[in-house]
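Colleague: Below are the sequence and a predicted model; questions follow.
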Amino acid sequence: MARWWPIPLLLCVAALVAALDESAGLRAWWELRAGLRQAEAQRDALRLEVGELQSAADALDADGFAIERAIRERLKLSRPGETLVRLSGVEPASPRFP
């Protein structure tokens, strides 16, 4: 057993050299893993957004007047006989607007 002690030491030295040497690929592997984690997080966020958009599309399909209402709200139009009131300078998300 006494003659096997250099093997773990050599393995530790090799791992240290691989960790510090940019051309060895270990640092690049760590950077790729970090990039993969970011890409997976972005993919999950996009899947969540797609799910929300799909549920909104399903809601528009289910309600016959929902498409018309959404278009009128987005384009700020009104039906004949309706009065459209526009408030300037006040946003619903404003802290001044309860």
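Modeller: Great, that's in hand.
Colleague: got any ranges where this protein has weak pLDDT?
Modeller: 1-2, 24, 89-98 (pLDDT under 70).
Colleague: the longest helix in it is where?
Modeller: When the chain is parsed with DSSP state H, its longest helix is helix 26-62.
Colleague: What is that one packed up against?
Modeller: Packing partners of helix 26-62 (3 or more CB pairs under 8 Å, 6 or more residues apart in numbering; DSSP states H and E): helix 6-20, helix 66-75. The C-beta positions use only the backbone N, C-alpha and C, and glycine is treated the same way.
Colleague: Which one of the ones you listed lies nearest to E31?
Modeller: For the helices and strands packed on helix 26-62, the distance to E31 is smallest for helix 6-20, at 12.9 Å, taking CB to CB.
Colleague: can I get the helices and strands packed on helix 26-62 in a markdown table with distance to A56 and mean neighbour count?
Modeller: Below are the helices and strands packed on helix 26-62 laid out as a markdown table (distance: least, CB to CB, whole Å; neighbours: other CB atoms under 10 Å):
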| stretch | distance to A56 | mean neighbour count |
| --- | --- | --- |
| helix 6-20 | 48 | 10 |
| helix 66-75 | 9 | 11 |
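Colleague: okay if I get those helices as TSV plus distance to A28?
Modeller: Below are those laid out as TSV (distance: least, CB to CB, whole Å):
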stretch	distance to A28
helix 6-20	11
helix 66-75	47
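Colleague: among those helices, which is nearest D58?
Modeller: helix 66-75 (10.4 Å).
Colleague: Tabulate the CA atom coordinates of the closest one in CSV.
Modeller: Extracted in CSV, the C-alpha atoms of helix 66-75 (Å, rounded to 0.1, in the frame of the first residue of the first chain):
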residue,chain,number,x,y,z
ALA,A,66,-64.1,39.0,-26.8
ILE,A,67,-62.3,39.6,-30.1
GLU,A,68,-64.3,42.7,-30.9
ARG,A,69,-63.8,44.0,-27.3
ALA,A,70,-60.1,43.4,-27.5
ILE,A,71,-59.8,45.1,-30.9
ARG,A,72,-61.8,48.1,-29.7
GLU,A,73,-59.7,48.4,-26.6
ARG,A,74,-56.4,48.2,-28.4
LEU,A,75,-57.4,50.6,-31.2
